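In: Need coordinates for the below:
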Amino acid sequence: MTTTNLRVGLVQQACSSDRAISIAASEAGVRAAAAQGAQLVMLQELHTGLYFCQHESTELFDLAESIPGPSTEWLGGLAKELGIVLVGSLFERRAPGLYHNTAVVMERDGRLAGKYRKMHIPDDPGYYEKFYFTPGDATETTADGGRRGGFEPIQTSVGKLGLLVCWDQWYPEAARLMALAGADLLLYPTAIGANPADPFEERERQREAWVTIQRSHAVANGLPVIVANRIGYEPDPSGQTEGAKFWGSSFVAGPQGEFLARAGTDDAEVLVVDIDLARSENVRRWWPFLRDRRIDAYGDLLKRYRD
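Out: Got it, this is the predicted structure:
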């Protein structure tokens, strides 16, 4: 850990079919957070456009881009100009026919510090991500010839970032593996909402469950959690569903799950908050969950189901 007190920012925004409009909203949010002293700023999942996974169309693969490419060039330039660590998200074209939902981390000097390819890929009405995205590699070869796991924190000048993406946020295994690899905090760029046709009570249950599961990752691992989600209604171009009403509710939680900052459900917001990273050490001393894990008894976790 290279710093103790870290000022973090996140951007909650609506997105447009016009890439320039979406990028302008993202950049305005990043600049606003940096102006308030944020050293680390995170954008939401796939923030350069509409959430295109509501239906399946091979033409939409044309939205994908390479790394390095337009988004990393823009994000890197912005990070360097503002002197911040910046987390962005993009639809990555890795090779012909091979695409990922990828989060990138740009260092203060504008270089790419690392990337994380979403590991858990949903396939539900309105979230047909398996059509578009290949899961991240469980193990990858690094530029220096080493090996890194799929759940590996990214080292930056502000600490080790346990970066995960949206659907990953429901899986305690992902958060735990990031914690075991030394992450200083967990970050979740997100695009999630509800079917507008569902009753209000059901939509609220879903939203509250989403908040609760991520706060539980903070508690179980003694780590701060940062979550950025989009807002707004986006129609289903295929007309097969009622579209998606994204519920915002971005937040920052401390290592005991306590809220440090919360956004609303409907408006664009920039949250900036100070995190005491040293607090994780104290919390883990009070609640030594890592110490008391029975690693000798967890072998069946590697099974799909215990028949």
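In: Neighbours of residue 138, how many?
Out: When neighbours are counted by other C-beta atoms under 10 Å, residue 138 registers 9. Placement of C-beta: from N, CA and C, glycine included.
In: To clarify, my last question referred to residue 267.
Out: Taking other C-beta under 10 Å as the criterion, the count of residues near residue 267 is 12.
In: And it, how close does it get to residue 224?
Out: Taking C-beta to C-beta, to the nearest Å as the measure, residue 267 falls 24 Å from residue 224.
In: Look at residue 6 and give its secondary structure.
Out: With DSSP: H, G, I helix; E, B strand; the rest coil as the basis, the three-state label of residue 6 is strand.
In: Could you look up the SS state of the nearest residue to it once chain neighbours are set aside?
Out: Across the structure, with C-beta to C-beta, 6 or more residues apart in numbering as the measure, the residue nearest residue 6 apart from its sequence neighbours is residue 275 (4.9 Å). Three-state secondary structure (criterion: three-state DSSP) places residue 275 in strand.
In: quick one, helices of the chain?
Out: Defined through DSSP state H, the helices belonging to the chain, from first to last, are 19-35, 70-82, 172-180, 200-221, 279-286, 289-292.
In: right, and those helices - which one's nearest residue 252?
Out: For residue 252, the closest of these is helix 200-221, at 9.6 Å, according to C-beta to C-beta.
In: for that closest one, which positions count as buried?
Out: 203, 207, 210, 211, 214, 215, 217, 218, 219, 220, 221 (16 or more other C-beta atoms under 10 Å).
In: now, which of these sits nearest residue 179?
Out: Sorting the buried residues of helix 200-221 by distance to residue 179 puts residue 221 at the head of the list, at 3.9 Å, by C-beta to C-beta.
In: And the closest one, how close does it get to residue 297?
Out: When C-beta to C-beta is the yardstick, residue 221 and residue 297 sit 19 Å from each other.
In: what's the answer for residue 10, then?
Out: Noted for residue 10: a distance of 38 Å to residue 297, by C-beta to C-beta.
In: neighbour-wise, which of those two wins?
Out: Each of residue 10 and residue 297 has its neighbours counted (other C-beta under 10 Å); residue 10 has more, 31 against 8.
In: Run through the bridge partners of that one.
Out: Applying DSSP bridges to residue 10 gives these bridge partners: residue 42, residue 271.
In: Report the contact partners of it.
Out: Going by C-beta atoms under 8 Å, 6 or more residues apart in numbering, residue 10 touches 33, 41, 42, 43, 44, 226, 227, 228, 250, 252, 270, 271.
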